[in-house]
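Below: sequence and its predicted model.
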Amino acid sequence: MHQTTMLSIALAVGLLSVSVAQEVRERVRAALSYPPLVAEARADFVFNAALLERVLGNEPLEKRIARLQAQVKQKPDDADAWLQLARAYEKRSDEEDESVEQTADSQKREAFERAATLYRKLLEQSPENPTLIARLADALRGAGKHDEAQQLVRKALQIDSNKAEHWEIAGRVAEDIAVEKILELVLEAAMHDTELLRGARPFLREASTAYEQCLQRAPDNPEAMHGLARVEFWEVALFAMDESSPTLEAKLQNLQQRVLEFIKRSPQGIEAAMMTLISLHVINAMIGDRFPPETAEQLRKSTERLWRAIEAQVESTYKNADAPPRILMRLARVVLQDTTEGEMTHERFREILQALHSLEPDNMQWRLGLIGLDASQAKWDDVERLARESLQRQPTPEIHHWLIVALDRQGKLDEANRAIDEFYRAFPEDAYAMLFRSLQLMRMRGDEAALAQAGELIRAATRALDVSPDDRRWGYRESVRAAHMAMTGKTDEARALIQQVRQRYPDIQFAERVAQALTDQ
């Protein structure tokens, strides 16, 4: 009798455990969805020289670099090609990755030094050729040999002062010397050392004169326009550091007059004006706290005033113009606007991405940017439309991902499942495709065979998406893993893992749903 009773109790406890495990499995299964698995939508763009080159319809910077690299490989003794390549490297924006940045700097310096060596050889045959002398000076400037570069470019101008190129190079050499001195002041926190400040001003004046001389001979020279705008900006920055308020105001007025003149000349002038405007904004944001309060406020108000003047000038000059001038202005507006302004900034940002997308319909950065903006506003029907259009042109894992999320958010479960099938078929080794497939198996079937297959996929996805807890993608991946643990009877482990995710990323809704399913009684 006693044995029978104990057996009955054990059987009852066992059945209860099975019942509880099954209940947990069903709760977790009901909580599953197809959530965003990427850290965030890429709703941004980098405002740099390469982007401006494309907007203005010029040869893309990276394409130019590739062409010049091929040219110097075919003709390794072509000094002009090496100098052009070095200048292209110089114009290319720095990469975020430090190792890539160091490689780019090394390439740039090597190209300038190679050009300098070749120009020296050419000058052995023609020692008084002013263009060769000036180009050697430019190569030495890029290699950091400023003193020799300045001596040589002055010699070239003595021989021939009628060529615009010679003046352009003279401006670059003098500007580089001035900027080097200014940056030393900033790095040494010696911005208010009057003697040191005065040391940069003669070189700024020399650069200004040289760029003006260049523009007298070549009015549409973009490098001289950009250089002269930069010189005016550095003048403003120096006087802001020097706390000379009346002179600072005069310099700000000169800067505004200069950039408005450039706008009238060509769309290239808009680029020069815009970069100047952004430089003012950035310097005040970065080191404005080192200025007297009234100086920082003066710069802020002048930046706003300059923006309004530039916008008015562009509107009047390019009222009936094609897209590029207007796109440039929209880009500047977004860069300068505080991103916390809400709907207006969102709409303005979308307008810009749409304009860039119309210029480059196959550029996935703009497509993903548009998708990201719409996703952030929960405009899932627009996300679906953009994703379907993008998949027809250029299927990528990220686009597949957003189509699945958009369909699921709209309650189109059958279509979402078909989209997962297509994603996994097209990219079976992609971590997100495997994670979506595992969720599909758990959500739509949930039997032992499906859970086993889902477990294999999750383990493979974890290897493919090897990220640390500091990476937000870890939170999404571990939430899927916790759901699988719960559905395979590892409830305590699942609770511990989902708690870790929630502590680090409390805003991940999918993790919250799984956690809630595990705590419901």
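Yep, that arrived.

got a list of contacts for stretch 378-394?
Applying Cβ atoms under 8 Å, 6 or more residues apart in numbering, the contact partners of stretch 378-394 are 361-362, 364, 367, 370-371, 374-375, 396, 399-400, 402-403, 405-407, 409-410. C-beta coordinates here come from the backbone N, C-alpha and C atoms, glycine included.

and the gap between G144 and A156?
Counting by Cβ to Cβ, to the nearest Å, the separation of G144 from A156 is 20 Å.

the more surrounded of these two?
The neighbour count for G144 versus A156, taken as other Cβ atoms under 10 Å, is higher for A156 (25 against 12).

Not counting residues beside it along the chain, what's closest to A111?
The shortest distance from A111 to any non-neighbouring residue, by Cβ to Cβ, 6 or more residues apart in numbering, is to A86 (3.6 Å).

Report the buried residues of the helix or strand that contains the one you found.
In this assignment (DSSP states H and E), A86 forms part of helix 79-91. Neighbour-count burial for helix 79-91, counted by 16 or more other Cβ atoms under 10 Å, picks out 79-91.

Point out the other helices and strands that it packs with.
Counting contacts by 3 or more Cβ pairs under 8 Å, 6 or more residues apart in numbering; DSSP states H and E, helix 79-91 packs against helix 61-74, helix 98-125, helix 130-142.

Not counting sequence-adjacent ones, nearest residue to A460?
Excluding its sequence neighbours, the residue lying closest to A460 (Cβ to Cβ, 6+ apart) is M434, at 5.5 Å.

Check which helices and strands the helix or strand where the one you found lies sits against.
Using DSSP H and E, M434 falls within helix 431-444. On a contact count with 3+ Cβ pairs under 8 Å, 6+ apart, helix 431-444 meets helix 397-409, helix 413-426, helix 448-464, helix 472-487.

Of those, which is nearest L439?
Minimum separation from L439 across those (Cβ to Cβ) falls at helix 472-487, 6.3 Å.

Could you check how sure the model is about whichever helix or strand E168 is part of, as an average pLDDT?
Using DSSP H and E, E168 sits within helix 164-187. Computed over helix 164-187, the mean pLDDT rounds to 88.

With just CA atoms, put it into PDB.
Taking Å, rounded to 0.1, in the frame of the first residue of the first chain, the C-alpha atoms of helix 164-187 are listed here in PDB:
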ATOM      1  CA  ALA A 164      46.800  79.800 -62.000                       C
ATOM      2  CA  GLU A 165      48.100  76.400 -61.000                       C
ATOM      3  CA  HIS A 166      51.200  78.000 -59.500                       C
ATOM      4  CA  TRP A 167      49.100  80.300 -57.300                       C
ATOM      5  CA  GLU A 168      46.800  77.500 -56.300                       C
ATOM      6  CA  ILE A 169      49.800  75.500 -55.000                       C
ATOM      7  CA  ALA A 170      51.200  78.500 -53.300                       C
ATOM      8  CA  GLY A 171      47.900  78.900 -51.400                       C
ATOM      9  CA  ARG A 172      47.900  75.200 -50.400                       C
ATOM     10  CA  VAL A 173      51.500  75.400 -49.100                       C
ATOM     11  CA  ALA A 174      50.900  78.600 -47.000                       C
ATOM     12  CA  GLU A 175      47.600  77.300 -45.700                       C
ATOM     13  CA  ASP A 176      49.100  74.000 -44.600                       C
ATOM     14  CA  ILE A 177      51.800  75.900 -42.600                       C
ATOM     15  CA  ALA A 178      49.200  78.100 -41.000                       C
ATOM     16  CA  VAL A 179      46.900  75.300 -40.100                       C
ATOM     17  CA  GLU A 180      49.800  73.200 -38.600                       C
ATOM     18  CA  LYS A 181      50.600  76.100 -36.300                       C
ATOM     19  CA  ILE A 182      47.000  76.600 -35.300                       C
ATOM     20  CA  LEU A 183      46.400  73.000 -34.500                       C
ATOM     21  CA  GLU A 184      49.600  73.000 -32.400                       C
ATOM     22  CA  LEU A 185      48.000  75.800 -30.300                       C
ATOM     23  CA  VAL A 186      44.800  73.800 -29.900                       C
ATOM     24  CA  LEU A 187      46.600  70.600 -28.900                       C
END
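
Quick check: buried residues in that helix?
164-179, 181-182, 185.

now do stretch 293-308
Across stretch 293-308, burial judged by 16+ other Cβ under 10 Å covers T295, A296, Q298, L299, S302, T303, L306, W307.

Inside helices: which ones of these?
Counting by DSSP state H, the buried residues of stretch 293-308 place T295, A296, Q298, L299, S302, T303, L306, W307 in helices.

measure the nearest residue to the first one once chain neighbours are set aside to K379 for me?
To tie it back to what came earlier, the one meant is T295. Nearest non-adjacent residue to T295, counting by Cβ to Cβ, 6+ apart: A240, 5.4 Å away. As judged by Cβ to Cβ, A240 and K379 stand 43 Å apart.

ok, now which ones touch the residue nearest to A111?
Residues in contact with A86 (Cβ under 8 Å, 6+ apart) are K108, A111, F112, R114, A115, A139, G142.

Format the residues you listed as TSV; extra columns: distance to A149.
Below are the contacts of A86 laid out as TSV (distance: Cβ to Cβ, whole Å):
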residue	distance to A149
K108	15
A111	16
F112	10
R114	16
A115	12
A139	8
G142	9
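
for these, which one is nearest A483?
K108 (49.8 Å).

I'd guessed that closest one sits against A88; true?
No - K108 is not in contact with A88 according to Cβ atoms under 8 Å; the separation is 9.0 Å.

you'd agree L215 is up against E223?
No - the criterion here is Cβ under 8 Å, and L215 misses it with E223 at 10.1 Å.

Quick one: the helices in the stretch 201-350 of the chain, in order.
Using DSSP state H, counting those that start in this stretch, the helices of the stretch 201-350 of the chain run over 222-241, 245-265, 267-287, 293-317, 323-336, 343-359.

can you list those in JSON lines and add distance to A486 and mean pLDDT?
Formatted as JSON lines, the helices of the stretch 201-350 of the chain follow (distance: least, Cβ to Cβ, whole Å; pLDDT from 0 to 100):
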{"stretch": "helix 222-241", "distance to A486": "59", "mean pLDDT": "85"}
{"stretch": "helix 245-265", "distance to A486": "62", "mean pLDDT": "85"}
{"stretch": "helix 267-287", "distance to A486": "47", "mean pLDDT": "77"}
{"stretch": "helix 293-317", "distance to A486": "54", "mean pLDDT": "84"}
{"stretch": "helix 323-336", "distance to A486": "44", "mean pLDDT": "65"}
{"stretch": "helix 343-359", "distance to A486": "37", "mean pLDDT": "67"}
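
That'll do, ta.
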